[in-house]
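In: sharing a model that was predicted from the sequence below.
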Amino acid sequence: MRVAVVVPCFDEALTVGGVVDGVRAALPGAQVHVVDNASSDATAAVATAHGAVVHREPRPGKGHAVRRAFEDVDADVYVLIDGDGTYDAAAAGALVDLLLAGGHDVVVGTRRPASATAHRPGHAAGNRALNGLVNGLFGTGYTDMLSGYRVMSRAFVASFPARSAGFEVETEMAVHAAVGGFSSVEVPLGFTDRPAGSVSKLRTVRDGLRIAACAVRLRGSRRAGTSAPGRSPVR
């Protein structure tokens, strides 16, 4: 059973080392792949020093970074985790076990903030609105589809079209799981503040509008018959 951990990063030199160490401790047999998404800092050097395999993606945008990883990395199970140090890397082993034991294709680690400042108010409100939009369009039951922490089966990754360029990629994954009939489950996990000096790359209004437009576009594609039929299995 080959487990690959994928860590997309843009200027995360301050935190990526801790993320790599955390997932390596949680999944000793896994290979960690850091996708350096046109960083201007020492992200790649830090990742290499901590034992990760570094892939370069010059096109800016998380969607491009995820696509690069899925093209370059061959595994039976994929763990996708942001490199900002806010997610509980130690939970990776339990998430993989749940995927395998439960026969799931996707396990999403939903964010439960450890402090009042861990999730910015604008981001939290936007997240709720976008989950509501997707749930309304596709009849799903997502509570945190935009989480940057998820475990996926080989079948899911192999079928995922990965057309998005930016932060819309999580929405594309959520919709693909729903309309493709993949078994998906959400698990609440702790979510912490970024350390001092670490800055979020998400722009609430700009990226929120892009994510909403992505959801509407995917709904239109499904109506046109270009997406596989299915139902949301999220529970």
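Out: Yes, it's here.
In: so how many other residues sit close to residue 46?
Out: 23 (other Cβ atoms under 10 Å). Any C-beta I mention is one placed from the backbone N, CA and C, and that applies to glycine too.
In: what sits against it?
Out: 13, 16-17 (Cβ atoms under 8 Å, 6 or more residues apart in numbering).
In: which ones among these lie within helices?
Out: Assigned to helices by DSSP state H, the following of the contacts of residue 46 qualify: 16-17.
In: mind putting the contacts of residue 46 into a markdown table with distance to residue 206?
Out: Listed next are the contacts of residue 46 as a markdown table, based on distance: Cβ to Cβ, whole Å:
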| residue | distance to residue 206 |
| --- | --- |
| 13 | 24 |
| 16 | 24 |
| 17 | 29 |
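In: closest one of the contacts of residue 46 to residue 103?
Out: residue 16 (32.2 Å; Cβ to Cβ).
In: wait, the closest one touches residue 34, no?
Out: Yes. Between residue 16 and residue 34 there is a contact under Cβ atoms under 8 Å: 6.3 Å.
In: and for those two, which residues touch both?
Out: Common neighbours of residue 16 and residue 34 (Cβ under 8 Å, 6+ apart) are 7, 9, 43, 47, 52, 83.
In: mind naming the longest helix for this structure?
Out: helix 204-223.
In: C-alpha coordinates for that helix, PDB please?
Out: Below are the C-alpha coordinates for helix 204-223, written out as PDB (Å, rounded to 0.1, in the frame of the first residue of the first chain):
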ATOM      1  CA  THR A 204     -11.800  36.400   0.800                       C
ATOM      2  CA  VAL A 205     -13.800  38.400  -1.800                       C
ATOM      3  CA  ARG A 206     -11.700  37.600  -5.000                       C
ATOM      4  CA  ASP A 207     -11.300  33.900  -4.300                       C
ATOM      5  CA  GLY A 208     -14.800  33.500  -2.900                       C
ATOM      6  CA  LEU A 209     -16.200  34.800  -6.100                       C
ATOM      7  CA  ARG A 210     -14.000  32.500  -8.200                       C
ATOM      8  CA  ILE A 211     -15.100  29.500  -6.100                       C
ATOM      9  CA  ALA A 212     -18.800  30.500  -6.400                       C
ATOM     10  CA  ALA A 213     -18.400  30.800 -10.200                       C
ATOM     11  CA  CYS A 214     -16.600  27.400 -10.300                       C
ATOM     12  CA  ALA A 215     -19.600  25.800  -8.500                       C
ATOM     13  CA  VAL A 216     -22.100  27.400 -10.900                       C
ATOM     14  CA  ARG A 217     -20.000  26.300 -13.900                       C
ATOM     15  CA  LEU A 218     -19.800  22.700 -12.700                       C
ATOM     16  CA  ARG A 219     -23.500  22.700 -12.200                       C
ATOM     17  CA  GLY A 220     -24.000  23.900 -15.700                       C
ATOM     18  CA  SER A 221     -21.600  21.200 -17.000                       C
ATOM     19  CA  ARG A 222     -23.600  18.500 -15.200                       C
ATOM     20  CA  ARG A 223     -26.900  19.800 -16.700                       C
END
